[in-house]
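> compute the structure for the input listed below.
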Amino acid sequence: DLSAGAVREKILQNFNIEWGFISFSKSWNIAPMWGMYADKYKGAVLEFDIDVDLVREVEYAPVRVVCKDNIANNFDAEDFERLIRRKSYDWSYEKEVRYIVQLFPRNCDCIGSNYFAKIGIGRNSRQRLKLIAVRCGPLMSQQNYGRLKYLQRLKNDEEFIPVIRTQFSKGKFDLEEVGQ
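From the prediction side, this is the model:
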């Protein structure tokens with residue numbers, strides 16, 4: 001018999017080899033997320049248009065998923081789905097959805113015990129992810145903003161991707177585009 005910790009470790013070990021996911025938020029302007037994930041407001045947010053069939057909504061709940069007895073030997077798709085979608089209700093402000101992809105290790109880069117797969121981004125992508133904007137944090141340096149604008153000008157195809165400055169909203173706990 002495996003302890004609960006050993007079962008969790010076995011599941012995570014298998015998960016890292018077989019599955020990968022990217023987390024997205026339904027909203028770009030949530031201030032606490034900029035503080036945590038975008039270098040304390042100095043970074044950028046990549047905004048994508050994503051086929052809704054590709055993502056799974058995160059379920060926010062007050063308790064963890066309770067798995068069936070003997071899950072180490074009987075881990076099925078239903079258990080997997082419940083585990084990857086549940087997150088503490090304390091994180092609900094993130095409005096998270098997850099893009100989940102099955103990894104094929106022979107087609108991935110491996111760093112430590114983690115595998116990274118290339119995802120298609122663009123009009124002809126099988127994954128149907130399209131970069132539609134780059135939003136710059138309100139504390140991003142002028143130098144880094146200038147670098148992003150320079151890269152934007154180098155893009156030589158017909159698809160224009162806006163680089164947008166943001167600012168702290170007046171009277172709200174979120175961000176807005178500069179000039180609003």
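
> low-scoring stretches of the chain, by residue?
For the chain, the stretches flagged by pLDDT under 70 are 1-5, 7-8, 11-12, 16, 67-77, 104-106, 119-127, 155-158, 180.

> and the helices in it?
Under the criterion DSSP state H, helices of the chain are mapped to 4-18, 31-37, 77-85, 142-154.

> quick check: which of those is nearest to Ile111?
Among the helices of the chain, the nearest to Ile111 by CB to CB is helix 4-18 (11.0 Å). C-beta coordinates here come from the backbone N, C-alpha and C atoms, glycine included.

> let's have the helices of the chain in TSV, adding distance to Cys108 and mean neighbour count.
Output for the helices of the chain, formatted as TSV (distance: least, CB to CB, whole Å; neighbours: other CB atoms under 10 Å):
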stretch	distance to Cys108	mean neighbour count
helix 4-18	9	13
helix 31-37	24	16
helix 77-85	18	14
helix 142-154	26	11
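
> so which of those gets nearest Arg165?
helix 142-154 (6.8 Å).

> can I get that closest one in PDB, CA atoms only?
Provided in PDB are the C-alpha atoms of helix 142-154 (Å, rounded to 0.1, in the frame of the first residue of the first chain):
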ATOM      1  CA  GLN A 142      10.600  52.700 -21.300                       C
ATOM      2  CA  GLN A 143      13.600  50.700 -22.600                       C
ATOM      3  CA  ASN A 144      11.700  47.400 -22.500                       C
ATOM      4  CA  TYR A 145       8.600  49.000 -24.000                       C
ATOM      5  CA  GLY A 146      10.800  50.400 -26.800                       C
ATOM      6  CA  ARG A 147      12.200  46.900 -27.400                       C
ATOM      7  CA  LEU A 148       8.700  45.500 -27.800                       C
ATOM      8  CA  LYS A 149       7.700  48.300 -30.200                       C
ATOM      9  CA  TYR A 150      10.900  47.600 -32.200                       C
ATOM     10  CA  LEU A 151      10.000  43.800 -32.400                       C
ATOM     11  CA  GLN A 152       6.500  44.800 -33.500                       C
ATOM     12  CA  ARG A 153       7.900  46.800 -36.400                       C
ATOM     13  CA  LEU A 154      10.200  43.900 -37.500                       C
END
